[in-house]
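In: Predicted model follows, preceded by the sequence.
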2 protein chains.
Amino acid sequence: MKKKLGSKNFHYPTLTILAGANVNGKPNYEAIAWAGIMGMRTLYIASGKSHYTNRGINENKTFSINIPSVNLVKKTDFCGLHSGNNTDKSGIFESFYGVLGNAPMISECSINMECELAETFTIDDHEIFVGKIKETYCDEEFMTNGKADLLKVQPILFSFHDSTYWKIGECFAKAWNIGKEAK
Amino acid sequence: MKKKLGSKNFHYPTLTILAGANVNGKPNYEAIAWAGIMGMRTLYIASGKSHYTNRGINENKTFSINIPSVNLVKKTDFCGLHSGNNTDKSGIFESFYGVLGNAPMISECSINMECELAETFTIDDHEIFVGKIKETYCDEEFMTNGKADLLKVQPILFSFHDSTYWKIGECFAKAWNIGKEAK
């Protein structure tokens, strides 16, 4: 029996990422669950207008998306609890820079994508930063046969309504394939 | 040791959803993994310009996001394998309508969100449809204490590079909480 819940957003779980930007010349990292894919090499993050990160992205026109593994959950959640407005987060992780030169990335994260800002627009009180991926980095220890391996990456999934982090579970089917068995 | 992989998108896994729209007066459902959250009640889907679904959304200014559970993986994947341009997908699921009247939703899906089109823009060869959630529906069997319960919902996660579907795993930490233990 379907129940009406009002205009509630249950589009969860989402991938937890750390968005990186240089602000006042120092790396800052924001934990974000409102981020995703818009095209083959196009990603976005939604970040509250008042957030510290936004200043850096608007100034430099670059940002990074870093994928933390479950072993980094404490530091990741710390970056969600504390704003760069009050807390210097530049020393939490080891940072490195890539081809763009001013999009800080996190050495400890399995995967890093440095993005050039392509478009910015506003939805409610959030700025939507759309970025083109310029280069992607992955640590060899998280790869199998030259590809990032989800079981090694062990990303952190996030659910808003109960404020929880989840692991990925079993790989149970092949996409663009199992549907052949339908009907 | 970090390896450069080129401008590869590893923002996975994502939630697999079925986007619903009426096209030529009939329900059509598209399997989409490029969808996400832009605001508290604002969602988007990215759908290739040539896709059948786009016609209906552009005409009606409404669409739905339906969350299939793992037991619906064959029908879900079928909706990704076959375009409404060639295949009538109106009878695959039982459809129902809500407050908007012309955004078809799937009875068998645990969660349904009907959205009013707020904005459309183009990224590469995809139309990005941004929708405001007008009403959300959840079957009682997927809820605990009045809230959608991820363990009951059993959503389908998707990874592009190895074309795989994944289950969610263990809930292992509280968000906005475990970070207090950092440092």
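Out: Yes, it's here.
In: okay, how far is it across stretch A:91-104, tip to tip?
Out: 12 Å (Cα to Cα, to the nearest Å).
In: So in that sheet, which strands flank the helix or strand of chain A with the lowest mean pLDDT, and in what orientation?
Out: Taking mean pLDDT, DSSP states H and E as the measure, chain A has strand A:147-148 as its least confident helix or strand, at a mean of 90. Sheet pairing for strand A:147-148, assigned by DSSP bridges, gives strand A:143-144 (antiparallel).
In: Residues in contact with the strand it pairs with: which ones?
Out: A:149, A:152, B:3 (Cβ atoms under 8 Å, 6 or more residues apart in numbering or on different chains). All C-beta spots, glycine's among them, are computed from the backbone N, C-alpha and C.
In: Counting neighbours, which of those residues end up buried?
Out: By neighbour count, with 16 or more other Cβ atoms under 10 Å in any protein chain shown, those hold residue A:149 as buried.
In: Closest one of the contacts of strand A:143-144 to residue A:132?
Out: Ranked by distance to residue A:132 (Cβ to Cβ), those are led by residue B:3 at 20.4 Å.
In: So what touches the helix or strand hosting the closest one?
Out: In this structure, residue B:3 sits in strand B:2-4 according to DSSP states H and E. If you take Cβ under 8 Å, 6+ apart as the criterion, strand B:2-4 is touched by A:96, A:107, A:112, A:135, A:136, A:137, A:138, A:139, A:140, A:143.
In: Apply 7 Å and report the result again.
Out: Under the contact criterion Cβ atoms under 7 Å, 6 or more residues apart in numbering or on different chains, strand B:2-4 has outside partners A:135, A:137, A:138, A:139, A:140.
In: any idea of the pLDDT on the last one?
Out: The model reports residue A:140 with a pLDDT of 93.
In: That one contacts residue B:1, doesn't it?
Out: Yes. Counting by Cβ atoms under 7 Å, residue A:140 touches residue B:1, with 5.1 Å between them.
In: More neighbours: which of those two?
Out: Between residue A:140 and residue B:1, counting by other Cβ atoms under 10 Å in any protein chain shown, residue A:140 is the more crowded of the two (10 against 6).
In: The more buried one and residue A:149, how far apart?
Out: Noted for residue A:140: a distance of 11 Å to residue A:149, by Cβ to Cβ, to the nearest Å.
In: Next, the buried residues of stretch A:106-122.
Out: By neighbour count on 16+ other Cβ under 10 Å, the buried set for stretch A:106-122 is A:106, A:108, A:109, A:110, A:111, A:112, A:113, A:114, A:115, A:116, A:117, A:118.
In: number of nearby residues for the residue nearest to the fourth one when sequence neighbours are not counted?
Out: Nearest-residue entry for residue A:110: residue A:142, 4.0 Å, with adjacent residues in sequence omitted and distances by Cβ to Cβ, 6 or more residues apart in numbering or on different chains. With neighbours defined by other Cβ under 10 Å, the count for residue A:142 comes to 21.
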